[in-house]
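[1] Need a 3D model of the sequence below.
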Amino acid sequence: MNDCLFCKIIAGEIPSEKVYEDEYVYAFKDINPVAPVHVLVVPKEHIACADEVTDKNSGSVAKVFEAIAKIAEKLGIKGSYRVVNNCGENAGQTVFHMHFHLIAGGSFGWPPC
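    Numbering: from 1, shown residues only. A predicted model of the protein is given here:
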């Protein structure tokens with residue numbers, strides 16, 4: 001996607017503070033963190049939001065969760081983090097490239113709203 005912010009970050013056209021990268025996933029620090037640890041974990045394949053997950057691209061989403069476990073280990077937050085995905089503008093999605101917020105470093109209440 002030519003105008004997608006996260007596609008440009010993945011391609012290195014826009015700088016980011018990379019935390020993790022493999023063939024399928026790119027992860028970087030959120031520029032507006034809501035917790036001491038706040039990483040965005042993004043599939044390299046452009047999928048706008050959860051509504052667009054299909055049997056043809058669901059493997060990319062699975063790779064994100066495999067990466068999250070590795071990132072949690074690397075950051076020392078294994079077993080104590082939250083993963084959040086927003087789908088659609090009313091849910092708070094502002095960049096329409098599926099991404100997951102990996103947040104940790106505090107005590108989080110429930111429900112989150």
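
[2] only C-alpha atoms for contact and neighbour calcs from this point on.
    Fine.

[3] For the protein, give me the ranges with low pLDDT.
    1, 113 (pLDDT under 70).

[4] Note down every partner strand of the top strand by length along the chain and its orientation.
    In the chain, assigned by DSSP state E, the strand with the most residues is strand 37-43. Strand 37-43 pairs in its sheet with strand 25-29 (antiparallel), strand 100-104 (antiparallel), by DSSP bridges.

[5] Give me the angle between the top helix by length along the chain and strand 25-29.
    Identified as the longest helix of the chain according to DSSP state H is helix 58-75. Angle between the axes of helix 58-75 and strand 25-29 is 40 degrees (criterion: axes from the mean of the first three to the mean of the last three Cα atoms, to 10 degrees).

[6] list the buried ones in helix 58-75?
    Residues of helix 58-75 classed as buried: 60-61, 63-65, 67-68, 71-72 (neighbour count, 16 or more other Cα atoms under 10 Å).

[7] chain center to it, what's the gap?
    The chain centroid and the centroid of helix 58-75 are separated by 9 Å under Cα atoms, centre = their mean, to the nearest Å.

[8] who are the neighbours of it, in terms of helices and strands?
    Using 3 or more Cα pairs under 8 Å, 6 or more residues apart in numbering; DSSP states H and E, the elements in contact with helix 58-75 are strand 25-29, strand 37-43.

[9] To H97, which of those strands lies closest?
    Closest to H97 of the helices and strands packed on helix 58-75, according to Cα to Cα: strand 37-43, at 7.8 Å.
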